[in-house]
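J.: the following comprises the amino acid sequence and a computationally predicted model.
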Protein chains: 2
Amino acid sequence: MKIRTSERRAREYLAHRKEILIAAEKVFAAKGFFTTKMIDIAQEAEFGTGTLYKYFKSKEELFFILFNEKMEEINRLIKYEFSRIAPAKEKIRGALKNLFEFIEKNRDFFRIFLSEQNLTEWTIKEDFRKGIHLKRVTYINLLAKVMKQGVQEKTFRSFNPKDMACSLLGMVNSFVLEWLISKKDYPIASKLETLLEIFLGGVQRRERRR
Amino acid sequence: MKIRTSERRAREYLAHRKEILIAAEKVFAAKGFFTTKMIDIAQEAEFGTGTLYKYFKSKEELFFILFNEKMEEINRLIKYEFSRIAPAKEKIRGALKNLFEFIEKNRDFFRIFLSEQNLTEWTIKEDFRKGIHLKRVTYINLLAKVMKQGVQEKTFRSFNPKDMACSLLGMVNSFVLEWLISKKDYPIASKLETLLEIFLGGVQRRERRR
DNA sequence: ATTTAAAATGAATCGTGATTCATAAAATGA
DNA sequence: TCATTTTATGAATCACGATTCATTTTAAAT
């Protein structure tokens, strides 16, 4: 009987924790880190302010848990596509397709995701900073690996893979930012082909000229 | 005798104002907007805290004056290159060359420039927001115009000029960010050719295939 | 040298909002 | 039901830092 109960307790704890995270994501996404107040999150989650601190050490922690989650999801997503056996070109197309879907579903969060990426505004525990930075490096390296594959397949010109990764990442972010800012609402996925054509056009080997 | 004096006064006023701006830039660049305190700026400028308010209405104003200045400088720089008579391709190369030089000279400021661009974290007077946004639009439009020129010259494929501008901008920002973050220190200009090759390779018309 | 005006100062104010904690409510077990 | 333990609460605390303003310092004018 003891165990029964404590198991439920544990489940409830996790459930509440999750609810708070969901609320926090919603509010952070809408207002950004500095402008959301703990009380906003509390209200959204329908808990008292103090309660949040039973589940999380600080506002900062709350934010970085979310931030990390998203980054991990993205990395997972990309890693999955890249692990298949296919030409680099196809892998990239697949990964971007998934990525764009993911972004479309997490539109609001991406608004801050993009601006917080560079971490300038933070006085955070070194832990967090290192964690985030690591994820970014992982992300770039993942991309770079596929670029290298492309070079080995002789379909891509032999640019520095990191530079290619950097270019692609930049283009993606830029299109996403434009999409976030823009009033009109079109699916971000509608930019996929353009983006790919420009990028691939840029890195692919030319056919022999006559 | 009256005029003499008051002219000097006016000069001094401007000189002090300038000193404060310089100090502010240094501190903002080092620490970002939210983390710099007015007192930091005051100390850097060797004035009392109160004095700053004789010259500027608020911390926010101080920041946005600087931000605007930089954006204007960049726009001016690009506009200048683009106003010459030359093929789109050359204009772009020229503009990026200047831009990279400028960035190299303003390295620290760019760290925040990049992250503040998207304005999510701000609760600012609508004035400021509109100003910044306008500059960004100008910037993109400037780029888009050259892209259109490239299309008309038949050297660029007929992508949407805005999309091309967006791609280029993204690549530039991404390389700059990587450069800012990276420990190694290489001139950002060293990435210019790679960037151009990838971008131009992507947008230029292909030679006839055999 | 003295009065008057301008400029600078930084300690005190004031608002804000993260975090805490004494108390209340709820759940548990008897 | 009642004692006990766990969990939730939100008002009070506390830290921080932008801004103000009474006071001092400096410069100007005579």
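T.: That came through, no problem.
J.: who are the contact partners of the residue most central in space within chain A?
T.: For chain A, residue A:71 is the residue whose C-alpha lies nearest the centre (Cα atoms, centre = their mean; 3.9 Å). Shown in contact with residue A:71 (Cβ atoms under 8 Å, 6 or more residues apart in numbering or on different chains): A:132, A:135-136, A:139. For every residue, glycine as well, the C-beta is placed using N, CA and C.
J.: and with 6 Å instead?
T.: Residues near residue A:71 by Cβ atoms under 6 Å, 6 or more residues apart in numbering or on different chains: residue A:135.
J.: CA atoms only: put whichever strand or helix holds it into PDB for me.
T.: Using DSSP states H and E, residue A:71 falls within helix A:59-82. Extracted in PDB, the C-alpha atoms of helix A:59-82 (Å, rounded to 0.1, in the frame of the first residue of the first chain):
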ATOM      1  CA  LYS A  59      13.900  31.000 -13.500                       C
ATOM      2  CA  GLU A  60      17.200  30.400 -15.300                       C
ATOM      3  CA  GLU A  61      17.100  26.700 -14.800                       C
ATOM      4  CA  LEU A  62      13.500  26.600 -16.100                       C
ATOM      5  CA  PHE A  63      14.600  28.400 -19.200                       C
ATOM      6  CA  PHE A  64      17.600  26.300 -19.900                       C
ATOM      7  CA  ILE A  65      15.900  23.100 -19.400                       C
ATOM      8  CA  LEU A  66      13.500  24.100 -22.200                       C
ATOM      9  CA  PHE A  67      16.200  25.500 -24.400                       C
ATOM     10  CA  ASN A  68      18.200  22.300 -24.100                       C
ATOM     11  CA  GLU A  69      15.200  20.100 -24.800                       C
ATOM     12  CA  LYS A  70      14.600  21.900 -28.100                       C
ATOM     13  CA  MET A  71      18.200  21.800 -29.100                       C
ATOM     14  CA  GLU A  72      18.300  18.100 -28.400                       C
ATOM     15  CA  GLU A  73      15.100  17.500 -30.300                       C
ATOM     16  CA  ILE A  74      16.600  19.200 -33.300                       C
ATOM     17  CA  ASN A  75      19.900  17.400 -33.000                       C
ATOM     18  CA  ARG A  76      18.100  14.100 -32.700                       C
ATOM     19  CA  LEU A  77      16.000  14.900 -35.700                       C
ATOM     20  CA  ILE A  78      18.900  15.700 -37.900                       C
ATOM     21  CA  LYS A  79      21.000  12.800 -36.600                       C
ATOM     22  CA  TYR A  80      18.200  10.500 -37.500                       C
ATOM     23  CA  GLU A  81      18.000  11.700 -41.100                       C
ATOM     24  CA  PHE A  82      21.800  11.700 -41.400                       C
END
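J.: buried ones in it?
T.: In terms of neighbour count (16 or more other Cβ atoms under 10 Å in any protein chain shown), helix A:59-82 has its buried residues at A:59, A:62-64, A:66-67, A:70-71, A:74, A:77-78, A:81-82.
J.: same check, this time on stretch A:157-177
T.: Buried-residue list, stretch A:157-177, by 16+ other Cβ under 10 Å: A:157, A:159, A:161, A:163-177.
J.: which ones among those residues map onto helices?
T.: If you go by DSSP state H, the buried residues of stretch A:157-177 have A:161, A:163-177 in helices.
J.: list the helices and strands the longest helix belonging to chain A packs on?
T.: When chain A is parsed with DSSP H, its longest helix is helix A:2-31. Under the contact definition 3 or more Cβ pairs under 6 Å, 6 or more residues apart in numbering or on different chains; DSSP states H and E, helix A:2-31 sits against helix A:38-45.
J.: between helix A:59-82 and the helix it packs on, find me the angle.
T.: Using axes from the mean of the first three to the mean of the last three Cα atoms, to 10 degrees, the direction of helix A:38-45 lies 60 degrees away from that of helix A:59-82.
J.: helix A:38-45 close to DNA strand C?
T.: Yes: Helix A:38-45 reaches DNA strand C (Cβ under 7 Å from any atom of the strand) through A:38-39.
J.: and the next helix or strand past that helix?
T.: helix A:49-55.
J.: tilt between the helix holding residue A:71 and helix A:2-31?
T.: 90 degrees.
J.: and helix A:59-82, is it in reach of DNA strand D?
T.: No: against DNA strand D, helix A:59-82 shows no contacts by Cβ under 7 Å from any atom of the strand, the least distance being 13.4 Å.
J.: that helix - what's its average pLDDT?
T.: Helix A:59-82 carries an average pLDDT of 90.
J.: distance from that helix to the middle of the chain?
T.: 6 Å (Cα atoms, centre = their mean, to the nearest Å).
J.: DNA strand C contacts on chain A?
T.: Residues of chain A lying near DNA strand C by Cβ under 7 Å from any atom of the strand: A:1-2, A:5, A:8-9, A:36-39, A:49-50, A:53, A:58-60.
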